[in-house]
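Chemist: quick one, structure for this:
(one chain, ligands or ions: 3)
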Amino acid sequence: MSASVHDQSHRPLASLRVSVTDRCNMRCRYCMPEDEYVWLPRESILTFEETARVVAVFADTGVQRVRLTGGEPLLRQELDVLIGLLARDQRLTDIALTTNGTLLADHAAQLRAAGLHRVTVSLDTLRPERMREFARSGRHADVVRGIVAARAAGFSVKVNAVVVRGFNDDELVDLVEFARGHDAEVRFIEYMDVGGATQWSRDDVVSRHEILDRLARRYGTVAPLPERTRPSAPAARYRLPDGTAFGIIASTTEPFCGTCDRARLTADGHLFLCLYAQHGLDLRERLRGGASDADLRELIEGAWRRRADRGAEERLGVGERGVLYQVEGLRADPHREMHTRGG
Ligand code: SAM
Ligand code: SF4
Ligand code: SF4
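Modeler: Ligands and ions are numbered 1, 2, ... in the order given. Down below sits the predicted model:
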């Protein structure tokens, strides 16, 4: 295995989030609240072979964990083919998928057979009418079916819920109970002011502190679990008195940039070093221009060595904190969108 490359803060490059499409069949208000979007041109989207080649170069640099995301990754036809290509690489010890779950029930078994290891399903509410209003989707039952199918296929399942004040902050206990009942683990995510979140306001963020407080009121003592699943894992984990575990990703109020080992690859082959980074590095142009694997590796490692990004920490220091980008700024460069660079 190759030694990993470190950035300016001595953070290794160890994990890669790969967005396989910028398209989505939902319109979550914290991610895609607008009526219209500028999409990446179809011909710019990497083929599975191109994606697998780039991922293999990342593995050369020391990356061991890959998470497929989007947009909605299951909108990409035959995603299991890509997973099969990635699963052949023994250096990738963890291949995961983040999905909104609407199409998961029909694909879970196939994804498992192809070599996918873990699944995270985003589900913010247990009330279908809320989902209809908040995410413009009537497919709540399909998401629940997807979670059931993923467990039946043998996946360990996490349920991601972004907590937004006035929308679902009265469902924390219900979501814990739902996850427990479905043999899954819920992760509450603080609402982030990432690109795309054009309706973000500080007042709508429900902090880790407040989430814990509310759960303690219902369950009694909530004990922190001593360790994250690994030091760079975004979620801090906790245990209820009956042993039920859950996680909180405090990306807004207590960012974890200090241990961030994640790079992001967009569906059109741009490398981003941070969720908040303004600019990416176009690997597709090089790839299609005839660059060798060694050339690509040099580019990636050089970019990582120069990396000084600590986006969420820097946002903490912004006094009058509003949205990161106005709609015009997002339209001018869709790479700034959360649904393009992958959450
Ligand atoms: N469509 C898939 C899904 O929703 O799971 C994958 C892509 S989505 C961008 C990945 C994750 O980002 C989801 O769990 C979503 O809840 C999260 N996310 C999107 N916008 C967010 C925001 N403004 N704050 C916090 N999390 C956000
Ligand atoms: Fe929602 Fe995920 Fe689609 Fe964003 S990409 S709108 S979080 S389902
Ligand atoms: Fe990593 Fe950037 Fe997120 Fe900080 S804000 S944890 S550096 S991706």
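Chemist: contact residues of the protein facing ligand 3?
Modeler: Pro255, Phe256, Cys257, Cys260, Arg262, Cys274, Leu275, Tyr276, Asp309, Arg310, Gly311, Ala312 (Cβ under 6 Å from any ligand atom). (Each C-beta comes from the backbone N, C-alpha and C, glycine too.)
Chemist: again, 5 Å this time
Modeler: Cys257, Cys260, Cys274, Leu275, Asp309, Gly311, Ala312 (Cβ under 5 Å from any ligand atom).
Chemist: the residue in the stretch 1-150 of the chain that ligand 3 sits nearest to: what's its closest spatial neighbour, skipping adjacent residues?
Modeler: Nearest residue of the stretch 1-150 of the chain to ligand 3 (Cβ to the nearest ligand atom) works out as Arg11 at 8.2 Å. Closest residue to Arg11 apart from its sequence neighbours, by Cβ to Cβ, 6 or more residues apart in numbering: Asp261 at 5.6 Å.
Chemist: so what's the backbone phi/psi at the one you found?
Modeler: phi -110, psi 20 (degrees, to the nearest 10).
Chemist: what about the one residue in the stretch 51-200 of the chain that gets nearest to ligand 2, neighbour count?
Modeler: At 3.6 Å from ligand 2, Asn100 is the closest residue in the stretch 51-200 of the chain, using Cβ to the nearest ligand atom. Asn100 is flanked by 28 other residues according to other Cβ atoms under 10 Å.
Chemist: what comes up buried for the one helix or strand Glu49 maps to?
Modeler: Following DSSP states H and E, one finds Glu49 within helix 48-61. Within helix 48-61, the residues that count as buried by 16 or more other Cβ atoms under 10 Å are Phe48, Thr51, Ala52, Val54, Val55, Ala56, Val57, Phe58, Ala59, Asp60, Thr61.
Chemist: stretch 66-81 too?
Modeler: 66-76, 79-80.
Chemist: so Val159 sits right up against Glu177, yeah?
Modeler: No: using Cβ atoms under 8 Å, Val159 makes no contact with Glu177, being 11.4 Å away.
Chemist: between those two, tell me which one has more neighbours.
Modeler: Val159 (25 against 15).
Chemist: using CSV, write out every CA atom in the lowest-mean-pLDDT helix or strand in the chain.
Modeler: Least confident helix or strand of the chain, by mean pLDDT, DSSP states H and E, is helix 327-332 with a mean of 82. Extracted as CSV, the C-alpha positions of helix 327-332 are listed here (Å, rounded to 0.1, in the frame of the first residue of the first chain):
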residue,chain,number,x,y,z
VAL,A,327,-28.8,32.1,-6.5
GLU,A,328,-27.0,34.1,-9.3
GLY,A,329,-23.6,32.9,-7.9
LEU,A,330,-24.8,29.3,-8.0
ARG,A,331,-26.1,29.6,-11.5
ALA,A,332,-22.8,31.1,-12.7
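Chemist: what does that helix contact?
Modeler: Glu34, Val38, Gly195, Gly196, Thr198, Arg336, Glu337 (Cβ atoms under 8 Å, 6 or more residues apart in numbering).
Chemist: so what's the second one up against?
Modeler: Same thing as Val38. Contacts of Val38 by Cβ under 8 Å, 6+ apart are Leu330, Arg331, Pro334.
Chemist: what number of residues lie near the first one?
Modeler: The one in question is Leu330. Applying other Cβ under 10 Å, I find that Leu330 has 22 neighbouring residues.
Chemist: do you know how far the residue nearest to Arg11 is from ligand 2?
Modeler: Separation of Asp261 from ligand 2 (Cβ to the nearest ligand atom, to the nearest Å) stands at 23 Å.
Chemist: give me the number of residues near that residue?
Modeler: 21.
Chemist: so how far is Ala108 from it?
Modeler: 28 Å (Cβ to Cβ, to the nearest Å).
Chemist: residues near Ala291, how many?
Modeler: 16.
Chemist: so which strand or helix has Thr120?
Modeler: Going by DSSP H and E, Thr120 is in strand 118-122.
Chemist: quickly check: the very next helix or strand once past that strand near ligand 1 or not.
Modeler: With elements assigned by DSSP H and E, the helix or strand that comes after strand 118-122 is helix 128-135. No: Helix 128-135 does not reach ligand 1 (Cβ under 5 Å from any ligand atom); its nearest approach is 9.0 Å.
Chemist: Glu254 contacts Ile211, doesn't it?
Modeler: No: applying Cβ under 8 Å, one finds Glu254 not in contact with Ile211, separated by 11.8 Å.
Chemist: so for the two, which sits in the more crowded spot?
Modeler: Ile211 (21 against 16).
Chemist: tell me where the stretch 1-150 of the chain has helices.
Modeler: 48-61, 79-87, 108-114, 128-135, 140-152 (DSSP state H, counting those that start in this stretch).
Chemist: right, I mislabeled it, should have said the stretch 151-300 of the chain
Modeler: Going by DSSP H, counting those that start in this stretch, the stretch 151-300 of the chain shows helices at 172-181, 208-219, 283-288, 293-306.
Chemist: end-to-end on stretch 35-50?
Modeler: With Cα to Cα, to the nearest Å applied, stretch 35-50 spans 31 Å between its terminal residues.
Chemist: and for stretch 34-49?
Modeler: Stretch 34-49 has its terminal residues 33 Å apart, counting by Cα to Cα.
Chemist: and it, average pLDDT?
Modeler: Mean pLDDT, computed over stretch 34-49, is 95.
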